[in-house]
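*Asks:* Show me the folded form of this:
(chains A, B, C and D)
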2 protein chains.
Amino acid sequence: MKVLIADDDPQILRALSITFTASDYDVVTAGDGAAALRRAAEHHPDIVVLDLGMPHLGGIDVIHGLRGWSSVPILVISGRMDSIDKVQALDAGADDYVTKPFLTDELLARVRALTRRRLPVREEAGAAFGDVRVDLVAKSVVRTTDGADIHLTRTEWRLLETLMLNAGRLVPQEILLTEVWGPQHVSDSGYLRLYIRQLRKKLERDPGSPRHLLTEAGMGYRFVPG
Amino acid sequence: MKVLIADDDPQILRALSITFTASDYDVVTAGDGAAALRRAAEHHPDIVVLDLGMPHLGGIDVIHGLRGWSSVPILVISGRMDSIDKVQALDAGADDYVTKPFLTDELLARVRALTRRRLPVREEAGAAFGDVRVDLVAKSVVRTTDGADIHLTRTEWRLLETLMLNAGRLVPQEILLTEVWGPQHVSDSGYLRLYIRQLRKKLERDPGSPRHLLTEAGMGYRFVPG
DNA sequence: GACCGCCGTGAGGAAAGTGTGAGGATCGGC
DNA sequence: GCCGATCCTCACACTTTCCTCACGGCGGTC
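*Replies:* Down below sits the predicted model:
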């Protein structure tokens, strides 16, 4: 998790750096508004902690600048307690506002709250290979040649998911059976072969000689992307 | 925009209701923790304003209860200024923490900041497909062939909304049930099928072979726009 | 070259899941 | 209390999915 801290007071900057570093954040600092915008563009932080009272390019300007292209959470720190300042900063696009002096425990908790919300919106897990593009989150397969949707059943998804999450690695049959059919599956692997075939039929260009869902005789199967 | 306000002090409850109503929010109130959870499940608010100091089922419990099934933004109001209380509430899943006494301007600004994050999704929420145009914000469905209004019930809207906000993605039955019928829905999915049918009857050109509200046996349903 | 383990293939029936129709319970407005 | 709209229950037909079984091919081993 990467945090950008922007403050014109070197002492506060230093103190906050130590605080966040101690909590296992990667810290990027900026001493003024212009630097904050530059740093944000370079480093793509997960959260921005911003002092409102910076000279030249002020905090509000930085918020506007950031919001032009980024939706990164912004936590504003300010000495001003006036309601008008808070409203202005929040409506400009800030997500939280803390007044000095503040306790580091609270600041860290607020940062956690802000970053937590972004986590579930993780990027699409998936891959494109052969003639298809697979999205594990949306549970969709699209054939890239003609854009047609390819339908997979529940068991097919579970199997493909297990293989794709171990892309490139050999996955033993025992593991596949456990992941797809649960811990008390039947030892015989008849249906595993069946579903591998189904996946090849649906995903491989030439199911007869698969290029991505490979068999390793006596051991298991391997998914090779690309 | 709908706000759920939970506070055991009727005076504060009343004052906040007036404040939010004056800002064009739909207001739902709850006098204790248990009522707050019930109301949230019924009304699906866009934001929850929660007093931490309620008897019996306290604010922290309500946060935990809500977070079990909902990601609605939660703003906590509390008389306690201790850092420990703030950290506890924020880490339990609250998104913001305001101490009494507070200025209503600031409270409203913070509520705006919290709801803003969801807006971009909702603003462009709506789509035209098949013979209909659906507007999730205005809650209106118009048949494009003859301009006739199509009426949907509350439950039908919730179901359609959940599906459309996840357009293209497979939505598991469990998620649909939780989003539409609340966290303690009956496990059997008899009525889910019923309402899917209702939606198809009203929205699909040929309800017998749906093109936009698709079934994925054993997994869930998927809304496909276009 | 015959045996043997392993994998791919095809078809078909059991099981699970879904669509459908009718009808009863519940709620709110008049 | 009546009525219509809405929500939910139940039983049954149908579709999809899952799994079983038997057979043929391939490669390694003796």
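*Asks:* going forward, measure contacts and count neighbours with C-alpha atoms only.
*Replies:* Fine.
*Asks:* Which residues belonging to stretch A:179-199 are considered buried?
*Replies:* For stretch A:179-199, the neighbour count (16 or more other CA atoms under 10 Å in any protein chain shown) marks A:180-181, A:192, A:195-199 as buried.
*Asks:* Between those residues, which sits nearest B:V62?
*Replies:* A:V180 (36.2 Å; CA to CA).
*Asks:* so that closest one touches A:E161, yeah?
*Replies:* No - look at A:V180 against A:E161 with CA atoms under 8 Å: they stay out of range, at 9.4 Å.
*Asks:* would you turn the buried residues of stretch A:179-199 into TSV with distance to DNA strand C, secondary structure and pLDDT?
*Replies:* What follows is the buried residues of stretch A:179-199, written out as TSV (distance: CA to the nearest atom of the strand, whole Å; DSSP: H, G, I helix; E, B strand; the rest coil; pLDDT from 0 to 100):
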residue	distance to DNA strand C	secondary structure	pLDDT
A:V180	14	helix	91
A:W181	13	helix	89
A:L192	8	helix	91
A:Y195	9	helix	95
A:I196	7	helix	94
A:R197	5	helix	94
A:Q198	8	helix	94
A:L199	10	helix	95
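*Asks:* ok, which of these also contact DNA strand D?
*Replies:* Filtering the buried residues of stretch A:179-199 for neighbours of DNA strand D using CA under 7 Å from any atom of the strand leaves A:W181.
*Asks:* of the buried residues of stretch A:179-199, closest to B:I84?
*Replies:* Using CA to CA, the buried residues of stretch A:179-199 come closest to B:I84 at A:V180, 44.1 Å.
*Asks:* Roughly how far does the closest one sit from chain B?
*Replies:* 14 Å (CA to the nearest CA, to the nearest Å).
*Asks:* ok, now A:D105?
*Replies:* The value you get for A:D105 to chain B, if CA to the nearest CA is used, is 7 Å.
*Asks:* what pLDDT does that residue get?
*Replies:* Looking at A:D105, its pLDDT stands at 93.
*Asks:* isn't it right up against B:Q88?
*Replies:* No - if you go by CA under 8 Å, A:D105 and B:Q88 don't touch, sitting 10.3 Å apart.
*Asks:* The helix-or-strand element of chain A with minimal mean pLDDT pairs with which strands?
*Replies:* Lowest mean confidence among the helices and strands of chain A (mean pLDDT, DSSP states H and E): strand A:126-129, at a mean of 83. Paired neighbours of strand A:126-129 in the sheet (DSSP bridges): strand A:132-135 (antiparallel).
*Asks:* and the strand it pairs with, average pLDDT?
*Replies:* For strand A:132-135, the mean per-residue pLDDT is 92.
*Asks:* Next: stretch A:84-102.
*Replies:* 91.
*Asks:* got it, and stretch A:54-65?
*Replies:* Per-residue pLDDT values over stretch A:54-65 give a mean of 82.
*Asks:* Now that stretch: buried residues?
*Replies:* Buried residues in stretch A:54-65 (16+ other CA under 10 Å): A:54, A:57-63.
*Asks:* ok, of these, which one's closest to B:R38?
*Replies:* A:I63 (37.9 Å).
*Asks:* can you list the domains in chain A?
*Replies:* In terms of domains, chain A is parsed into A:2-116, A:126-223 (source: automatic domain parsing).
*Asks:* Need the winner for burial among those domains.
*Replies:* domain A:2-116 (a mean of 18; mean count of other CA atoms under 10 Å in any protein chain shown).
*Asks:* And the helices in chain A?
*Replies:* A:10-22, A:33-43, A:59-67, A:83-92, A:104-116, A:154-165, A:173-181, A:190-203 (DSSP state H).
*Asks:* is it possible to export those to a markdown table including distance to B:A92?
*Replies:* Below are the helices of chain A laid out as a markdown table (distance: least, CA to CA, whole Å):
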| stretch | distance to B:A92 |
| --- | --- |
| helix A:10-22 | 21 |
| helix A:33-43 | 29 |
| helix A:59-67 | 28 |
| helix A:83-92 | 23 |
| helix A:104-116 | 9 |
| helix A:154-165 | 31 |
| helix A:173-181 | 32 |
| helix A:190-203 | 42 |
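*Asks:* of all these, which lies closest to B:G31?
*Replies:* Comparing those under CA to CA, the one sitting nearest is helix A:104-116, at 26.0 Å.
*Asks:* ok and that closest one relative to helix B:104-116, angle-wise?
*Replies:* 40 degrees (axes from the mean of the first three to the mean of the last three CA atoms, to 10 degrees).
*Asks:* any idea how far A:L136 is from the residue nearest to A:K139 when sequence neighbours are not counted?
*Replies:* Closest residue to A:K139 apart from its sequence neighbours, by CA to CA, 6 or more residues apart in numbering or on different chains: B:L170 at 5.9 Å. For B:L170, the distance to A:L136 equals 10 Å [CA to CA, to the nearest Å].
*Asks:* same deal with A:R67?
*Replies:* For A:R67 relative to A:L136 (CA to CA), the value is 30 Å.
*Asks:* before we move on, what about A:H44?
*Replies:* 25 Å.
*Asks:* ok, now A:P183?
*Replies:* Taking CA to CA, one finds A:P183 at 23 Å from A:L136.
*Asks:* show me the residues around A:A30 that make contact.
*Replies:* A:4-8, A:36, A:39 (CA atoms under 8 Å, 6 or more residues apart in numbering or on different chains).
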